[in-house]
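Asker: Fold the following for me, if possible:
(2 chains)
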Amino acid sequence: QKEVEQNSGPLSVPEGAIASLNCTYSDRGSQSFFWYRQYSGKSPELIMFIYSNGDKEDGRFTAQLNKASQYVSLLIRDSQPSDSATYLCAVAWDFSGGYNKLIFGAGTRLAVHP
Amino acid sequence: DTGVSQDPRHKITKRGQNVTFRCDPISEHNRLYWYRQTLGQGPEFLTYFQNEAQLEKSRLLSDRFSAERPKGSFSTLEIQRTEQGDSAMYLCASSWLGQLVYGYTFGSGTRLTVV
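Answerer: Residues are numbered from 1 along each chain as shown, chains lettered A, B, ... in the order given. Predicted coordinates:
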């Protein structure tokens, strides 16, 4: 059973602070890792993907991957109230020579307060 | 329109009725996915198509559920004899084979309420 684990939160941070969201996965065969943002009542929106160990930065977002520890994280710098949402971690596995689907964690709810 | 389109956005049905949802993927995407999401949970994989072939079905997809993608373009998801436990958001996503490494794009979803 391939699993993706996230702390459900809520994670509460003050405006302007760094929000750190974490995710672990069960299978070392995992290839690609994704962070989706989901506002209440809306569908998930892809914000970052990463497939190499290390950091990947995009604006205020930094994804960090450590395959040896089976750990992926998302840092949000200068958090804004508009960042308040649920953040979903997703993992893709490579089956039969091709990526087949994403498996999602339950999500971490982030609340940024003024 | 270049996004994934789902119809209807909301559906309220009585227990025991059949419902059908439609998904129109991004043009020329050959992979189409269906997920179900309940409150407080992440999206759960149901099934996916490559062109018109249904290549994988989750154990979550009971025999009351059926999905089709007859011409490799739009897809339908039908639920027969709906139960209250079927109440959820049903999400469709599409991607191009070989580009799943970049993730995929979800539609706006169909929210089903079974009363």
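Asker: From here on, just use CA atoms for contacts and neighbour counts.
Answerer: Will do.
Asker: Identify the bridge partners of the residue lying closest to B:Phe106 once chain neighbours are set aside.
Answerer: Nearest residue to B:Phe106, sequence neighbours excluded (CA to CA, 6 or more residues apart in numbering or on different chains): B:Ala93, at 4.2 Å. For B:Ala93, the beta-bridge partners under DSSP bridges are B:Tyr33, B:Phe106.
Asker: check contacts around B:Ala93.
Answerer: B:Val4, B:Pro25, B:Leu32, B:Tyr33, B:Trp34, B:Tyr104, B:Thr105, B:Phe106, B:Gly107 (CA atoms under 8 Å, 6 or more residues apart in numbering or on different chains).
Asker: In chain B, what residue lies closest to chain A?
Answerer: B:Gly42 (4.1 Å; CA to the nearest CA).
Asker: lowest-confidence helix or strand of the chain?
Answerer: Just so you know, I chose chain A. strand A:98-104 (a mean of 79; mean pLDDT, DSSP states H and E).
Asker: Chain B was what I was after
Answerer: For chain B, counting by mean pLDDT, DSSP H and E, that's strand B:53-57 with a mean of 89.
Asker: list the helices and strands the very next helix or strand once past that one packs on?
Answerer: Once strand B:53-57 ends, the next helix or strand along the chain (criterion: DSSP states H and E) is strand B:65-68. Here strand B:65-68 touches strand B:75-79, going by 3 or more CA pairs under 8 Å, 6 or more residues apart in numbering or on different chains; DSSP states H and E.
Asker: Please work out how many residues are found near residue 44.
Answerer: Assuming you mean chain A. If you count neighbours by other CA atoms under 10 Å in any protein chain shown, A:Pro44 ends up with 23.
Asker: my bad, the chain I had in mind was chain B
Answerer: B:Glu44 has 20 nearby residues by other CA under 10 Å.
Asker: Apart from its neighbours in sequence, what residue is nearest the residue most central in space within chain B?
Answerer: In chain B, the centroid-proximal residue (CA atoms, centre = their mean) is B:Trp34; its distance is 3.2 Å. Closest residue to B:Trp34 apart from its sequence neighbours, by CA to CA, 6+ apart: B:Cys92 at 4.6 Å.
Asker: residues contacting the closest residue to A:Gly105 other than its chain neighbours?
Answerer: Sequence neighbours aside, A:Val4 is the residue nearest to A:Gly105 in space, at 4.8 Å (criterion: CA to CA, 6+ apart). Contact partners of A:Val4, counting by CA under 8 Å, 6+ apart, are A:Cys23, A:Thr24, A:Tyr25, A:Ser26, A:Cys89, A:Ala90, A:Val91, A:Ile103, A:Phe104, A:Gly105, A:Ala106.
Asker: Throw together a ChimeraX command that grabs the buried residues out of these.
Answerer: Only the buried entries of the contacts of A:Val4 go into this ChimeraX selection, using 16 or more other CA atoms under 10 Å in any protein chain shown:
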select /A:23,24,25,89,90,91,103,104,105,106
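Asker: Look up how far A:Leu102 lies from the residue nearest to B:Trp34.
Answerer: 13 Å (CA to CA, to the nearest Å).
Asker: Phi and psi next, for A:Lys42.
Answerer: phi -110, psi 170 (degrees, to the nearest 10).
Asker: for it, what are its contacts?
Answerer: B:Ser108, B:Gly109.
Asker: One more: B:Arg81?
Answerer: So B:Arg81 contacts B:Arg15, B:Gly16, B:Gln17, B:Asn18, B:Arg64 (CA under 8 Å, 6+ apart).
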